[in-house]
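[1] no sequence on hand, only this structure:
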């Protein structure tokens, strides 16, 4: 299963990335995201040792792309998307406490929206929307099947990563934001 996830994710990144630095940013993110899916599903934790380097690597490699292509708009878009979503997630965590997003989810969403933000706001926020939508649908099915109860925590990392991969697949051939 791990190998299939990696193969699918790498294929999507290769098809979507228009330049080598963006390709490397995507591959870096996939290298961090795939283990996160399995860790979060198993222990409901998103380790700093993976989420922080994921965001740092994405920003660094997108910065290299901007410097080489002299196109700074996609990097500005990625930075703003990541800053806005990170602020929203931190705020949700502060307001809702344990009922809201955890800090691990916040750190993960920073790298998700930074990477997708390179293609623009629609791609970044589409990834977040798809993640919430998928989590809601799966949660409703689990609830209906009696496998969980109201209030059961569902690990969001796999859903945000799936949402990001879905949006990334939709960016194939699209120009940067």
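    Done, it's in. Here the structure is a predicted model, which is why all the values come from computation and not from measurement.
[2] can you tell me the distance between the two ends of stretch 43-51?
    Start-to-end span of stretch 43-51 (C-alpha to C-alpha, to the nearest Å) is 15 Å.
[3] now do that stretch, average pLDDT.
    For stretch 43-51, mean pLDDT is 94.
[4] before we move on, what about stretch 106-121?
    96.
[5] ok, now stretch 126-144?
    Here the average pLDDT along stretch 126-144 is 95.
[6] one more: stretch 9-16?
    The average pLDDT within stretch 9-16 is 96.
[7] list of residues touching it?
    Contacts to stretch 9-16, defined as C-beta atoms under 8 Å, 6 or more residues apart in numbering, come from residues 23, 26-27, 29-30, 33-34, 165, 168-169, 171-172, 174. C-beta here means a position set from N, CA and C on the backbone, and glycine is covered the same way.
[8] let's see it at 10 Å
    Residues from elsewhere that reach stretch 9-16 (C-beta atoms under 10 Å, 6 or more residues apart in numbering): 22-31, 33-34, 37, 115-116, 118-119, 123, 161, 164-174.
[9] kindly report the same for stretch 134-142.
    Under C-beta under 10 Å, 6+ apart, the answer for stretch 134-142 is 147-150, 152, 154-156, 158-160, 162-163, 166.
[10] report the buried members of these.
    Buried members of those, counted by 16 or more other C-beta atoms under 10 Å: 148, 155, 156, 158, 159, 160, 162, 163, 166.
[11] among the residues you listed, which two are most distant?
    In terms of C-beta to C-beta, the buried ones among the contacts of stretch 134-142 reach their longest pairwise distance at 148 and 166, which sit 23.4 Å apart.
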